[in-house]
Every structure is written in C-alpha cells, then in structure tokens.
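Participant: here's my sequence, what's the structure:
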Amino acid sequence: MSDDVVTIHTDGGCTPNPGPGGWGAVLRQGEHVLELCGGEPGETTNNRMELTAPIMALEALKRPVVVHLYTDSTYVRNGITTWVTGWARNGWKTSGKQPVKNVDLWQRLLAACEAHQVEWFWVKGHAGVPDNELADELATRGMAEAMSSAAGGAR
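Facilitator: Down below sits the predicted model:
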C-alpha cells in the first residue's frame, strides 16, 4: 500500500432502527492509524449513521489525498457513486420525484469528497475484514458513549 493513499473503513448503525445510533471509522496511512467514533442518543437511522461515518472520516483529513474508502453499506456506496449525480441534477428529487432522504448528509458527503480523490469500495459486513470489524466496534462504542453522555446530562 502506498503511503500516499489513506485507506478508510467505515460503519454505522442503530439499535433498534430507528433509535439511538453510532458510527465508526478507521483511517490508515502508512504506519499511522486514526480511530474515530461518535453517535446520536436520540432517534436516528442506520442509513444516517452509515453516511455520517465517511463524512467524519473525510472531514478529519488535513490535506487533499487519495482515499480508498470501504463501506459495508450498499446504500452509501451506490448513493455516492451512482445516484447522487442524478439527485443533484433533479433538485435533490428521486427518479420518482420524491425528496431524497438524508439530503443534508448527502450534500455534506459530496462536499467532504471534493478536496480528495476518493475511490469507493463495498465490503461484506461481519465477514472478518479486520478494519471493517474495528469500524463496527467503534460504531457500537460511539452509540454507547452518546447514550451514556445523554443519560449523564439528564440527571
């Protein structure tokens, strides 16, 4: 792997869906590793968390780089590589003329991609890919920390 490439694995989810959620990301460049996680203690969705993970990872990058971004979400990969161009062209409406769900996050993800050369990959979830498994653990941690903080603030 080239030191010029940042490899990112992301994951997100909710328990239940919708419900509290978390996201996680593992960024690797050469010997450097950065783990990120966060969450929403209130009502969110799996798709929102799956979108938040690559946004936060890309926004954490300090300079333009080549990125290989791995997600286990076909929604995210298909959305960013195929659907988003048509949505933007159609005023953020689907082919069925309905408003695009999570438009705020799709627009933020597009903006986060602009500074970088991002290549998107789909990876099967829970299939033993080490950084995908770690991203899943980070998403779980992010959700737990968000719920714990929310509970602590409600005392």
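Participant: please pull out the lowest mean pLDDT helix or strand from this structure.
Facilitator: helix 130-153 (a mean of 92; mean pLDDT, DSSP states H and E).
Participant: which other helices and strands contact that one?
Facilitator: The contact analysis (3 or more Cβ pairs under 8 Å, 6 or more residues apart in numbering; DSSP states H and E) places helix 130-153 against strand 5-14, strand 19-29, strand 32-44, helix 46-60. Placement of C-beta: from N, CA and C, glycine included.
Participant: now the angle between helix 46-60 and that helix, please.
Facilitator: 100 degrees (axes from the mean of the first three to the mean of the last three Cα atoms, to 10 degrees).
Participant: name the residues that touch helix 130-153?
Facilitator: 7, 9-15, 20-26, 28, 35-42, 49, 53, 70, 72, 123, 125-126 (Cβ atoms under 8 Å, 6 or more residues apart in numbering).
Participant: of those, just the buried ones, ChimeraX syntax please.
Facilitator: A single ChimeraX command is used to select the members of the contacts of helix 130-153 judged buried by 16 or more other Cβ atoms under 10 Å:
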select :7,9,10,11,12,13,14,20,21,22,23,24,25,26,28,36,37,38,39,40,41,49,53,70,72,123
